[in-house]
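Novice: this is the structure alone, sequence omitted:
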Ligand SMILES: [Fe+2]
């Protein structure tokens, strides 16, 4: 009996029978294959699935990611970003802390100041998120774009961020938007190590870092959002029970 070859076993797959090929490596799927360069439904489903992984790992991080995704979409609209790009930014916002699934609970929910070694572990989450998404590279160009934004969401406008110390407009716009929305969301949600602050106080804190941590143009757009429409000051955010 002859056996079929597959991406993993070019000389003959031990699982696939004649004429069958059960193993198809994700990386072997060309961008122009049946999945297409940008299969919207596939990418949306992958993001929903990974967002659920984040939420199941840690409910509060999941809520935070959803909140950031919504804020990113609204800020991108203020910046006249095209609908297609806005969608990518929103999806990246929803997955920006994906890499936190690899951070131990004792650090994720730490009530004390982290030491240098612990910070290093926590900061690795930006690259971890990119690494998870990198496994899907080739499935869709959208995933490639989302992965780049996830990795860069802690870069700072002045070049003092991580993981790559990018600065200014070298940081992708989507990552600059996520960075602002991430900081705001982190402040208005309670954490194990501090309580939440109100909307005005959160804006004051992030504006103090305009031109250092944050892109001033993005921050101005964020500030100009119609906050009266928002329910971000609602108790469910301030007193997150998770
Ligand atoms: Fe993060």
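Specialist: Arrived safely. Quick caveat: nothing in here was measured; it's all calculated off a predicted structure. Numbering: from 1, shown residues only.
Novice: those helices in the chain, which residues are they?
Specialist: Secondary structure of the chain (DSSP state H): helices at 40-57, 59-78, 83-95, 105-108, 116-123, 125-134, 141-151, 173-188, 199-207, 216-223, 235-238.
Novice: name the residues that touch the second one?
Specialist: With contact meaning CB atoms under 8 Å, 6 or more residues apart in numbering, helix 59-78 is reached by 51-52, 54-56, 85-86, 89-98, 100, 108, 174, 177-178, 180-182, 184-186, 189, 191, 218, 221-222, 224-225, 232, 237, 240, 242. In this view, the C-beta of every residue, glycine as well, is placed from N, C-alpha and C.
Novice: from memory residue 188 sits against residue 205, does it?
Specialist: No. Using CB atoms under 8 Å, residue 188 is not in contact with residue 205; the gap is 10.2 Å.
Novice: which of these two has more residues huddled nearby?
Specialist: When neighbours are counted by other CB atoms under 10 Å, residue 188 comes out ahead of the other of residue 188 and residue 205, with 21 against 14.
Novice: distance of that one from residue 44?
Specialist: The gap separating residue 188 from residue 44 is 27 Å, by CB to CB, to the nearest Å.
Novice: for the nearest residue to residue 88 once chain neighbours are set aside, give me the pLDDT.
Specialist: Leaving aside its sequence neighbours, residue 88 sits nearest to residue 145 (CB to CB, 6 or more residues apart in numbering; 5.0 Å). At residue 145, the model reports a pLDDT of 96.
Novice: residues in contact with residue 145?
Specialist: Counting by CB under 8 Å, 6+ apart, residue 145 touches 88, 92, 174.
Novice: between these, identify the one with the most neighbours.
Specialist: Busiest of those [other CB under 10 Å] is residue 92, holding 31 neighbours.
Novice: residue nearest the centroid of this protein?
Specialist: Compute the mean C-alpha point of the chain, and by CA atoms, centre = their mean the closest residue is residue 96, 1.5 Å away.
Novice: what's the spacing between it and residue 222?
Specialist: Taking CB to CB, one finds residue 96 at 15 Å from residue 222.
Novice: again, but for residue 125
Specialist: Residue 125 is 23 Å from residue 222, by CB to CB.
Novice: save the contacts of residue 145 as JSON lines, and put in distance to residue 132 and pLDDT too.
Specialist: What follows is the contacts of residue 145, written out as JSON lines (distance: CB to CB, whole Å; pLDDT from 0 to 100):
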{"residue": "88", "distance to residue 132": "17", "pLDDT": "97"}
{"residue": "92", "distance to residue 132": "13", "pLDDT": "98"}
{"residue": "174", "distance to residue 132": "18", "pLDDT": "98"}
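Novice: for residue 218, give me the pLDDT.
Specialist: pLDDT for residue 218: 98.
Novice: low-confidence ranges in this protein?
Specialist: Under the criterion pLDDT under 70, the flagged ranges of the chain are 1-38, 229-242.
Novice: can you pull the contacts of residue 129?
Specialist: Applying CB under 8 Å, 6+ apart, we find residue 129 in contact with 95-100, 147, 150-151.
Novice: from these, which two are the most distant?
Specialist: By the measure CB to CB, 100 and 147 form the most distant pair in the contacts of residue 129, at 15.7 Å.
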